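Asker: Quick one, what's the 3D model for this:
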Amino acid sequence: MTDFLFHNTLIVGVGLIGSSIARALREHGISSEIHGIDNNGDVLAKCKDLNILTSGKKNLENFNNQFDLIIICSPLSTYKTIFSSLNNFVKQPTLVTDVGSTKVSVIQDYKDVCNNKNIQFVPSHPIAGIEKSGPEYGFAKLFENRFCILTPINKNDDSFNRIKYFWERIGMQIEIMEARHHDRVLAMTSHIPQLIAYSIVFTANELESHIRDEVLKYSAAGFRDFTRLAGSDPTMWRDIYVMNKDAVIEMLGRFTEDLSTLQKAIRNNDSKFLENTFSSTKKIRKIIEDLGQAGSFDPTESLKSKKKS
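Answerer: Numbering: from 1, shown residues only. As a prediction, the model looks like this:
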């Protein structure tokens, strides 16, 4: 008999991340029942066809049972409404965590509307994903060997240890950060690169038609990578920039200054400065490779690596 960590788990939002968590919960034998909420009927229908969930419903109020784990995987702009609903719904001690890419706004939303002592909230950010969206693209191995950052409100209680163990069980490496520091770090490592991708692809699309057509036709690897990022869920990224505005603007300012410096070096034919700059950035790539975070989130990637070695 399987020794489940949780009996009833509820996933709020069963798109790419939510459905991948559901698959991981099942694959690792972590929860005996896995339920889902999504306001998109097509998403719930896909989950049913894929046999991802024990049950799926559009509203929290449609559930008669209580849950011992609730994972919020919906856009950041929905969090306050979700916390408010949970505040009224939860009647027994319940672990709650999330996957949001910003943490200051999430914690503030929780504090603004949640005073239910049965809710034990531990903010999380699993740094994993692909540019696709929807449950049909989810897979259990999405989280393996990737980092999950926890920004606990109180890291000395049992709920923190249980959430930490849950993420570890599905293969993640745990880091602990203060929420504001998390938002500044992710602004540079995730939010600014995504914004640059959107900007470059938008610029290409605004070129004269004959130039634009050739840009698309002869896309090199670098531009193709930008289009891959720019193909990500627009609602999710809209919310990230709104919710993490201060950190994004701060890091964007630094990036803009450095870009202007490079522009000046190119204009002045400063080859030595350009080479030194590019050499230093090459070292950063080596560090990322050594940390095991350089590849894609392709579920077959680890198999390919093993074959090569």
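
Asker: Return stretch 79-98 as PDB; C-alpha atoms alone will do.
Answerer: Extracted C-alpha coordinates of stretch 79-98, given in PDB (Å, rounded to 0.1, in the frame of the first residue of the first chain):
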ATOM      1  CA  TYR A  79      -4.600  35.500  -6.400                       C
ATOM      2  CA  LYS A  80      -6.500  38.000  -4.200                       C
ATOM      3  CA  THR A  81      -9.800  36.500  -5.300                       C
ATOM      4  CA  ILE A  82      -8.500  33.000  -4.700                       C
ATOM      5  CA  PHE A  83      -7.300  33.800  -1.200                       C
ATOM      6  CA  SER A  84     -10.600  35.400  -0.400                       C
ATOM      7  CA  SER A  85     -12.400  32.300  -1.600                       C
ATOM      8  CA  LEU A  86     -10.100  30.000   0.400                       C
ATOM      9  CA  ASN A  87     -10.600  32.200   3.500                       C
ATOM     10  CA  ASN A  88     -14.300  31.300   3.400                       C
ATOM     11  CA  PHE A  89     -13.900  27.700   2.200                       C
ATOM     12  CA  VAL A  90     -11.200  26.100   4.400                       C
ATOM     13  CA  LYS A  91     -12.600  24.500   7.500                       C
ATOM     14  CA  GLN A  92      -9.600  22.400   8.600                       C
ATOM     15  CA  PRO A  93      -5.800  22.800   8.800                       C
ATOM     16  CA  THR A  94      -4.700  23.100   5.100                       C
ATOM     17  CA  LEU A  95      -1.300  23.600   3.600                       C
ATOM     18  CA  VAL A  96      -1.400  26.200   0.800                       C
ATOM     19  CA  THR A  97       1.400  27.100  -1.600                       C
ATOM     20  CA  ASP A  98       1.700  28.600  -5.000                       C
END
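
Asker: what is the mean pLDDT for that stretch?
Answerer: Stretch 79-98 carries an average pLDDT of 96.

Asker: Repeat that for stretch 13-27.
Answerer: Mean predicted confidence for stretch 13-27 is 96.

Asker: Restrict it to CA atoms and write it as CSV.
Answerer: The C-alpha atoms that make up stretch 13-27 are tabulated as CSV, following Å, rounded to 0.1, in the frame of the first residue of the first chain:
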residue,chain,number,x,y,z
GLY,A,13,-5.3,26.4,-12.4
VAL,A,14,-4.5,23.2,-14.4
GLY,A,15,-2.5,24.7,-17.4
LEU,A,16,1.1,23.7,-18.1
ILE,A,17,2.4,24.0,-14.5
GLY,A,18,-0.7,22.9,-12.7
SER,A,19,-1.1,19.8,-14.9
SER,A,20,2.7,19.0,-14.6
ILE,A,21,2.3,19.1,-10.8
ALA,A,22,-0.7,16.8,-11.0
ARG,A,23,1.3,14.4,-13.1
ALA,A,24,4.3,14.6,-10.7
LEU,A,25,2.0,14.0,-7.7
ARG,A,26,0.7,10.9,-9.3
GLU,A,27,4.0,9.6,-10.7
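
Asker: which stretches of this structure form helices?
Answerer: Under the criterion DSSP state H, the chain contains helices at 16-27, 41-50, 79-89, 104-113, 158-169, 179-186, 192-205, 209-217, 221-230, 234-243, 245-267, 271-290, 301-308.
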